[in-house]
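Visitor: dropping a prediction and its sequence here:
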Amino acid sequence: MTLMEAHAHACRLPEDIGNIRTKVMYVKLAAREDHGGIPAKYFRVVDAYPISVVEAMWRPSPWPGSLLQLKSMQDESEQLGRGRMGAAMIECPPLAVQTVPFGSVTEQSLRGLTIASNWKEVLMHLVEGGTRFSGRKSGR
């Protein structure tokens, strides 16, 4: 599962693409010492969940500024006909949250994607293993 696919599941985009403007996916990471020198295993996912943009704006800096910048990017992408843009907010304390935007999201690009109720567990499992899912299935 790619981060973008996890975002689509978390924010339930196939059901309502409008959620891309009202929700972001929060991912909390922790550094790993057991990575064995493999970059894909430097972090583990501690938690992941959708959060409303309204709620996220109340989080400490740099959240509000990052979300305002995302809104500007969303407006520009849609005005230029490039599709919609969403984002994951990635945090690994004590480092500040980082915004990872996803662009070119359209209803057509979401077609065939069935929301997996276990998206978080799949994401955690794949990140833990240092692998990624590269298909449109809803399971592991």
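Guide: Nice, I can see it. Numbers count the residues shown, from 1 in each chain.
Visitor: all contacts plus neighbour counts: C-alpha atoms, from now on.
Guide: Will do.
Visitor: which other residues reach the helix or strand of the chain with the lowest mean pLDDT?
Guide: Lowest by mean pLDDT, DSSP states H and E among the helices and strands of the chain is helix 107-110, with a mean of 92. Helix 107-110 is contacted from outside by 13-14, 17, using Cα atoms under 8 Å, 6 or more residues apart in numbering.
Visitor: let's see 7 Å
Guide: For helix 107-110, the surrounding residues in contact (Cα atoms under 7 Å, 6 or more residues apart in numbering) are 14, 17.
Visitor: please apply the same query to stretch 12-31.
Guide: Contacts of stretch 12-31 (Cα under 7 Å, 6+ apart): 7, 10-11, 42-53, 85-92, 107, 110, 113, 115.
Visitor: what is the helix or strand following the least confident helix or strand of the chain packed up against?
Guide: For helix 107-110, the following helix or strand on the C-terminal side (DSSP states H and E) is helix 119-129. With contacts defined as 3 or more Cα pairs under 7 Å, 6 or more residues apart in numbering; DSSP states H and E, helix 119-129 has these neighbours: helix 3-10, strand 43-52.
Visitor: can you pull the buried residues of the helix or strand following the last one?
Guide: Meaning strand 43-52. Next helix or strand after strand 43-52 toward the C-terminus (DSSP H and E): helix 53-56. Neighbour counts using 16 or more other Cα atoms under 10 Å place 53, 56 of helix 53-56 among the buried residues.
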